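Colleague: Quick check, what structure comes out for this input:
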Amino acid sequence: MFMQVGLREEDRDALRYLWRGNRRDSRPPEVYRMKVLIFGASCSPATAIYVMNRNAERHRHTHPEAVEAIKKKHYMDDYLDSYEDEHRAITIATQVRNIHREAHFELRKWTSNSPAVLKALGESPNATEAVEIERTERVLGLIWRPQEDRLAFNLDLARIPSNLLRREAPTKREALKIVMSLFDPLGLVSPITVRAKQLLQEVWRRGTDWDDPIDDELSAAWVNWLTHLKQLSGVTVPRCYPGYSRARKLQLHVFTDASESAYATALYWRAEDDDGRVTVTLLAAKAKQNFSRHGSKRRNKEPSDRRWRTSGNETVGGTCPHTTPPCRRGERRQLLSAVQMGHSTAPDGQGGGQELRQVPPEGGHSTATDNGRLASLPTGASSPAVYIHRFGLFRPAHSHRGPE
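Modeller: Here you go, the predicted model:
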């Protein structure tokens, strides 16, 4: 893609380079200038995207839907879209390809769960191999299986040292390398990944050196975690959201909870069609280990800005009957921007008896509290209802839930 974008004459000096070729004598090297964008320059991605969108805008009056697909459904030179029927998919995809072709951008290696779409785009109808979501060297990766139209997990045990697969204790360096190579962008296997981070946190707290094996207690927990990790090879989830396109009513339900060791949130779409049929789909999840109470003195110091301190009985949705771990300022504000809450309260029996809040259907602003501070959040008139629940995702055995 970059090599198809030319540079103006006055901008080429920014991409000068020296060239000796095979010469190794005392003569000075030759000076060249690039005439196109190059890989590695920080400005290349933004420039290429600008040119791609500028070329698309030339066709807005004839192919408006294809232009919107180019501007909103591309990640660099990768195009990803979803349609309700094959005819519409073929039409828009063909238009997108033709618009790109006029700028000498060629879309290749099409993949689809529809053989008819593949055939129309000039690909083999059998080209339904699993697609890696991110092509990096990881122990755990996310893949899409077009034939089944499901997301699955690509477990590459060859990247785990053979001695660890024989139940030997890893060193801290080996454990860190494995944990940091887990790729789960949607948080679908958060119960597995957060446990690995908790184990690594305990290794750090015990002061284990980088190349020393972890102790026997943690080694047993590590072996148990590897057993659960291997079972992910058989886990798949639907790629699409059933009932989403034909839904008469859409609701986004957000469940949150915390314990002394971790805190988490899970988001679900609830779609209801004209016949009253309801489908619920896991949208995404997020889990983090709690900061250790036995950490460094710097971490345990009283924060100088008390406005962002989290007390033991405060959470984003209101009061919580058990301890809520401290969250960093950026994470709390990010959660607030993702979950827009209003002032209505659900009837008894909804949300497990916990407080339930809904975005007002009309336009305007709703409000949410951030540690007692009022935050104004815009809501669109066409937005689906958004609910927030406090639920026992990490309910510890010793916790007590009293009346609110």
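Colleague: Identify each buried residue in stretch 21-36, please.
Modeller: With burial defined by 16 or more other Cβ atoms under 10 Å, the residues of stretch 21-36 counted as buried are M34. No exception for glycine: its C-beta is placed from N, CA and C like everyone else's.
Colleague: Now it: average pLDDT?
Modeller: For stretch 21-36, mean pLDDT is 91.
Colleague: One more: stretch 55-75?
Modeller: For stretch 55-75, mean pLDDT is 95.
Colleague: likewise stretch 234-254?
Modeller: Taken as a whole, stretch 234-254 has an average pLDDT of 89.
Colleague: Strands along the stretch 101-250 of the chain, start to end?
Modeller: 131-132, 140-145, 150-155, 236-238, 249-258 (DSSP state E, counting those that start in this stretch).
Colleague: Could you export these as a markdown table, including mean neighbour count and distance to K172?
Modeller: Converted to a markdown table, the strands of the stretch 101-250 of the chain look like this (neighbours: other Cβ atoms under 10 Å; distance: least, Cβ to Cβ, whole Å):
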| stretch | mean neighbour count | distance to K172 |
| --- | --- | --- |
| strand 131-132 | 14 | 29 |
| strand 140-145 | 19 | 20 |
| strand 150-155 | 18 | 23 |
| strand 236-238 | 14 | 33 |
| strand 249-258 | 20 | 27 |
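Colleague: out of those, which comes closest to D212?
Modeller: Set against D212 and scored by Cβ to Cβ, the strands of the stretch 101-250 of the chain come closest in strand 140-145, at 25.2 Å.
Colleague: quick one: contacts of the closest one?
Modeller: The contact list for strand 140-145 (Cβ atoms under 8 Å, 6 or more residues apart in numbering) reads 128, 130-134, 150-156, 181-186, 189, 229, 232, 236, 239.
Colleague: tell me the angle that strand makes with strand 150-155.
Modeller: If you take axes from the mean of the first three to the mean of the last three Cα atoms, to 10 degrees, strand 140-145 sits at 140 degrees to strand 150-155.
Colleague: pLDDT on strand 140-145, on average?
Modeller: 86.
Colleague: among the strands of the stretch 101-250 of the chain, which is nearest P115?
Modeller: Per Cβ to Cβ, nearest to P115 of the strands of the stretch 101-250 of the chain: strand 140-145, 14.6 Å.
Colleague: Just read off the phi/psi values of Y79.
Modeller: The phi/psi pair for Y79 (degrees, to the nearest 10) reads phi -110, psi 130.
Colleague: what about it, how many neighbours?
Modeller: Per other Cβ atoms under 10 Å, the neighbour tally for Y79 reads 16.
Colleague: show me where pLDDT drops low in the protein?
Modeller: 126-129, 133-139, 292-404 (pLDDT under 70).
Colleague: Which one, of the strands of the stretch 101-250 of the chain, ends up nearest to H100?
Modeller: Taking the strands of the stretch 101-250 of the chain one by one with Cβ to Cβ, strand 131-132 is closest: 19.8 Å.
Colleague: Please parse this protein into its domains.
Modeller: Segmentation of the chain into domains, based on automatic domain parsing, reads 2-120, 157-234, 240-390.
Colleague: Quick one: those as JSON lines, columns for distance to I143 too.
Modeller: Listed next are the domains of the chain as JSON lines, based on distance: least, Cβ to Cβ, whole Å:
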{"stretch": "domain 2-120", "distance to I143": "11"}
{"stretch": "domain 157-234", "distance to I143": "10"}
{"stretch": "domain 240-390", "distance to I143": "16"}
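Colleague: Relative to V67, how far out is the nearest residue to F2 once chain neighbours are set aside?
Modeller: Using Cβ to Cβ, 6 or more residues apart in numbering and skipping the chain neighbours, the partner closest in space to F2 is L37 (4.0 Å). Noted for L37: a distance of 22 Å to V67, by Cβ to Cβ, to the nearest Å.
Colleague: Check D211 too.
Modeller: Remark: distance between D211 and V67 (Cβ to Cβ) = 56 Å.
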